[in-house]
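Enquirer: Sequence and computational prediction follow.
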Amino acid sequence: MVVYKGQLNDGTKIGVKIMESGVISNKALDEFESKILVLTKVRHRYLVSLLGYSTEGLERILVYEYMPQGALSRHLFHWKKF
């Protein structure tokens, strides 16, 4: 998956994950659908919220609340810059 930073018309910053069309297998689609099911139900202050998704045609896109300042693993494990 490729991840982009974006902004909605109302100024909300978002993270957009796009599944590459060349890697869409049955397993990948199952995992994508599982993420949607879990993230639409889970709310926690340390998790980004799923704001939306697209499954139109071969397009598979997840739209998340934006998390600034690097990867989640860096926040969870307090990794320092190299």
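Expert: Alright, I've got the coordinates.

Enquirer: Any buried residues in the longest helix anywhere in the chain, and which?
Expert: In the chain, ranked by residue count with DSSP state H as the criterion, the top helix is helix 26-39. Residues 32, 36, 39 are the ones in helix 26-39 that count as buried (16 or more other CB atoms under 10 Å). Quick note: C-beta positions are derived from backbone N, CA and C, even for glycine.

Enquirer: quick one: the first one and residue 4, what's the gap?
Expert: In this structure, residue 32 and residue 4 are separated by 17 Å, where distance is defined by CB to CB, to the nearest Å.

Enquirer: one step back: now the longest helix of the chain, how far from the centre of its chain.
Expert: 12 Å (CA atoms, centre = their mean, to the nearest Å).

Enquirer: packing partners for it?
Expert: Applying 3 or more CB pairs under 8 Å, 6 or more residues apart in numbering; DSSP states H and E, one finds that helix 26-39 contacts strand 50-54, strand 61-65.

Enquirer: most neighbours per residue, which of those?
Expert: strand 61-65 (a mean of 17; mean count of other CB atoms under 10 Å).

Enquirer: relative to strand 50-54, how tilted is that strand?
Expert: Here strand 61-65 runs at an angle of 170 degrees relative to strand 50-54 (axes from the mean of the first three to the mean of the last three CA atoms, to 10 degrees).
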